[in-house]
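> show me the folded form of this:
(one chain, ligands or ions: 1)
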Amino acid sequence: MLKIIDKIKKDYVFEGLEVTDKETLFKELSARIASKVSQPADIIFETFTKRENEYTTNISNGVAIPHGRIKGYGSTDIFVAFLTNTINYDSDSDEHTPVKLVFAILSDEDNPKDYLLNLSQLFFLVNQKDILDKIVHSNTYSELAEALEGVKAMDEKYETEKQIKFLIELERADIQIRAYELYSSTHSKQKSDAVLEEYRKYKETLSEKINEEVLENYTRIKENKGNALSKIENYACSACNVAIPKMIVNEVRRQNQIIPCFHCGRILFSTD
Ligand SMILES: [Zn+2]
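Below is the predicted model:
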């Protein structure tokens, strides 16, 4: 069960934020949070900005997760903000980085575990496409609550279909880590332990959701081949290019079992 859902309080959900960029978002968000908790808005603003300066908290798909820790904060809280308009979150980036929905986390300086756990569960939640499709179109607390109710039911069963999704997500986490390392080197920034710690925790959270045998198999292939998954493209394994019989492709699409490529051994998946 994703405990995260139960942690989103109605009082901490802010509707209709009219902002134009990241800075005005952080100002408005900090002011709204300050009206609910016993922290001044400028401290909250500084906390979000400090973490943001290490690496963007835009996790793509229209969602950003600004977060940070404050000395003496005392708890870990999740806040949600619905923006009236999509903003270009990382305006200094070459890419367009639209954000419409914001989950923010504030936590105590002295409680990094709780903070990382909440963060990684949120990462997990918004990286599930079927979940995201529902929540990203929410504009109010009740719409969000309704969308998240569906998630609760979904998270109780771990059938093969989900195992494959979790594996894909695990590979994506590695890609995110590489992207961060590249960013640190091209922007001559020191790699931040805080950011790497967040990714490590996220991978741990994902691994816990994967069946032990499936995870062992995945890890073994990954050690041998560098990446353990291969997408089927035009009836071929995209990693080794061998043609995959139509019958097998259909089986992979059905997602009832984990099927390796008979040639390279990588786990096949399809996005069709
Ligand atoms: Zn192959």
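> poorly predicted segments of this protein, please.
Residues of the chain meeting the criterion pLDDT under 70: 1-5, 151-158.
> get me the contact residues on it for the ion.
237, 239, 240, 261, 263, 264 (Cβ under 5 Å from the ion). Every C-beta, even on glycine, is put in place using the N, C-alpha and C of the backbone.
> format these as TSV; extra columns: secondary structure.
Output for the residues of the chain next to the ion, formatted as TSV (DSSP: H, G, I helix; E, B strand; the rest coil):
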residue	secondary structure
237	strand
239	coil
240	coil
261	coil
263	coil
264	coil
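> all the helices of the stretch 1-150 of the chain, residue numbers only.
Shown for the stretch 1-150 of the chain, the helices assigned by DSSP state H, counting those that start in this stretch span residues 3-6, 22-34, 41-54, 112-126, 129-135, 141-155.
> using a markdown table, lay out those together with distance to residue 172 and mean neighbour count.
Below are those laid out as a markdown table (distance: least, Cβ to Cβ, whole Å; neighbours: other Cβ atoms under 10 Å):
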| stretch | distance to residue 172 | mean neighbour count |
| --- | --- | --- |
| helix 3-6 | 19 | 14 |
| helix 22-34 | 24 | 19 |
| helix 41-54 | 20 | 18 |
| helix 112-126 | 10 | 20 |
| helix 129-135 | 11 | 16 |
| helix 141-155 | 19 | 15 |
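> can you list the ones you listed in TSV and add distance to residue 96?
TSV is the format used below for the helices of the stretch 1-150 of the chain (distance: least, Cβ to Cβ, whole Å):
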stretch	distance to residue 96
helix 3-6	28
helix 22-34	14
helix 41-54	18
helix 112-126	19
helix 129-135	18
helix 141-155	25
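> for the stretch 101-250 of the chain, which segments count as strands?
229-233, 236-237 (DSSP state E, counting those that start in this stretch).
> next, format those strands as TSV and append distance to residue 66 and mean neighbour count.
Listed next are the strands of the stretch 101-250 of the chain as TSV, based on distance: least, Cβ to Cβ, whole Å; neighbours: other Cβ under 10 Å:
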stretch	distance to residue 66	mean neighbour count
strand 229-233	30	19
strand 236-237	40	20
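> nearest to residue 173, of the ones you listed?
strand 229-233 (12.4 Å; Cβ to Cβ).
> what sits up against the closest one?
167-168, 171, 237-240, 244, 249, 252, 261, 264, 266-272 (Cβ atoms under 8 Å, 6 or more residues apart in numbering).
> using PDB, write out every CA atom in that strand.
Extracted in PDB, the C-alpha atoms of strand 229-233 (Å, rounded to 0.1, in the frame of the first residue of the first chain):
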ATOM      1  CA  LEU A 229      15.400  -4.800 -20.800                       C
ATOM      2  CA  SER A 230      14.700  -4.600 -24.500                       C
ATOM      3  CA  LYS A 231      11.800  -3.000 -26.300                       C
ATOM      4  CA  ILE A 232      10.200  -4.800 -29.200                       C
ATOM      5  CA  GLU A 233      10.300  -2.600 -32.300                       C
END
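> from the contact counts, what lies against the longest helix along the chain?
The single longest helix within the chain, with elements called by DSSP state H, is helix 160-186. When contacts are defined as 3 or more Cβ pairs under 8 Å, 6 or more residues apart in numbering; DSSP states H and E, helix 160-186 packs onto helix 193-208, helix 212-225, strand 229-233, strand 267-269.
> from the chain's centre, how far out does it sit?
Its chain's C-alpha centre and that of helix 160-186 lie 10 Å apart, by Cα atoms, centre = their mean, to the nearest Å.
> can I see the domain layout of the chain?
Annotated domains of the chain cover 3-156, 165-269 [automatic domain parsing].
> winner for burial among those domains?
domain 3-156 (a mean of 17; mean count of other Cβ atoms under 10 Å).
> so which residue is dead centre in this structure?
Nearest to the mean C-alpha position of the chain, counting by Cα atoms, centre = their mean, stands residue 123 at 2.6 Å.
> leaving out the residues flanking it, which one is nearest to it?
Among residues not flanking residue 123 along the chain, residue 202 sits closest, at 4.9 Å (Cβ to Cβ, 6 or more residues apart in numbering).
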